[in-house]
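Peer 1: the amino acid sequence is not available; the structure is as follows:
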């Protein structure tokens, strides 16, 4: 027997906009309207009344009636439908860990920390790729990506081994005289991130399968435009190496606020490809010049303590998960600042192109060196 939702506060927490976006995404049609009061929708042979304001005294009762009809039409529980209604304004990402450790629906506390961190990196990789379409983001991330990540929220945990649920907001699209407003050719950045996550993961699977046959790195490199990055590779391999799962499944349910309906996506990377994916990421990072990188760290070595000289300095960059040592050639005022920072253990910051030579990294500076107030 299925549960029926009767809690007034829970029913009133779902807005009319969420209900109508949900119905529209399911193919329901608005057939009538009582201006300022309610709209009537036809769905699956049933008529549904949607009040237009939660302040109406009978709003909760009308919501309960509607849930009963939706339960009948969709043959799903009211709890499932209610969850989808609440999340209609979000793209929902579900990351599911299938392993011996999660068989009872729980996860070791320390491993759960790793699970959350790697899941964050998974979405952040897509946010970076959607912003600038590079293949690697080792340092500071694009501002658009950082702002997007601030908007992502945790949803309620779900049953099914161990499932993390993330919610990425999607703004509704407006109507004029019954038709959608034409969007500009460029889709707003925020609406490209989660589709980029899907295409990046699908491309990662395809590249790994092809490379397992012919050992060509190009399969990974050529997928950068579709969202495949070394950061995505590292997040996926991190999920497998830290959690030791049988497999990780990423499910994506797209928001009802999207103009074009997108099917539910489920992607799982075969554990057998993890060593190959890890090697591909490492190789790409070793041969690719990393442009537009921001570096922040401490000066650990000077060529000279004479402020009138120029020379190479070494900076321990702390913007990456693992600190890296960079050689930078400076002169004039920049070199004098480096001497001051070295003496006072003050952080410095600059940007440029990172060039690799074997295991060594060199930064070709493109901005003046600046001192940061923080000290180590």
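Peer 2: Arrived safely, thanks for sending. Everything quoted here is computed from the prediction, not taken from an experiment. Numbering: from 1, shown residues only.

Peer 1: what about residue 21, how many residues nearby?
Peer 2: The number of residues packed near residue 21 is 21, by other C-beta atoms under 10 Å. C-beta: built from backbone N, CA, C; applies to glycine.

Peer 1: by contact count, what packs against the helix or strand hosting it?
Peer 2: Using DSSP states H and E, residue 21 sits within helix 16-25. Packing contacts for helix 16-25, counted by 3 or more C-beta pairs under 8 Å, 6 or more residues apart in numbering; DSSP states H and E, involve strand 38-43, strand 46-51, helix 78-86.

Peer 1: try 10 Å
Peer 2: Judged by 3 or more C-beta pairs under 10 Å, 6 or more residues apart in numbering; DSSP states H and E, helix 16-25 is in contact with strand 29-34, strand 38-43, strand 46-51, helix 59-74, helix 78-86.

Peer 1: can you say which of the ones you listed is nearest to residue 259?
Peer 2: strand 29-34 (16.4 Å; C-beta to C-beta).

Peer 1: mind giving me the packing neighbours of that closest one?
Peer 2: helix 16-25, strand 38-43, strand 46-51.

Peer 1: could those go into a markdown table alongside mean pLDDT?
Peer 2: A markdown table is the format used below for the helices and strands packed on strand 29-34 (pLDDT from 0 to 100):
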| stretch | mean pLDDT |
| --- | --- |
| helix 16-25 | 87 |
| strand 38-43 | 92 |
| strand 46-51 | 91 |
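
Peer 1: of these, which stretch is the most buried?
Peer 2: Most buried of the helices and strands packed on strand 29-34, by mean neighbour count (mean count of other C-beta atoms under 10 Å): helix 16-25, with a mean of 19.

Peer 1: how far off centre is that helix?
Peer 2: Mean C-alpha position of helix 16-25 versus that of the full chain (C-alpha atoms, centre = their mean, to the nearest Å) differs by 25 Å.

Peer 1: can you tell me which of the helices and strands packed on strand 29-34 is nearest to residue 355?
Peer 2: Using C-beta to C-beta, the nearest of the helices and strands packed on strand 29-34 to residue 355 is helix 16-25, at 48.3 Å.

Peer 1: coming back round to it: and the helices and strands packed on strand 29-34 as TSV, adding distance to residue 230?
Peer 2: As requested, the helices and strands packed on strand 29-34 are exported to TSV (distance: least, C-beta to C-beta, whole Å):
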stretch	distance to residue 230
helix 16-25	35
strand 38-43	46
strand 46-51	47
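
Peer 1: now whichever helix or strand residue 249 is part of against helix 78-86, angle please.
Peer 2: Using DSSP H and E, the element containing residue 249 is strand 247-253. On the basis of axes from the mean of the first three to the mean of the last three C-alpha atoms, to 10 degrees, strand 247-253 is oriented at 60 degrees to helix 78-86.

Peer 1: closest to residue 249 out of the helices and strands packed on strand 29-34?
Peer 2: So among these, helix 16-25 is nearest, using C-beta to C-beta, at 23.0 Å.

Peer 1: next SSE after the biggest helix by length in the chain?
Peer 2: Using DSSP state H, we find that the single longest helix of the chain is helix 109-132. Downstream of helix 109-132, the next assigned helix or strand under DSSP H and E is helix 143-151.

Peer 1: which residue is nearest the centroid of the chain?
Peer 2: In the chain, the centroid-proximal residue (C-alpha atoms, centre = their mean) is residue 123; its distance is 2.2 Å.
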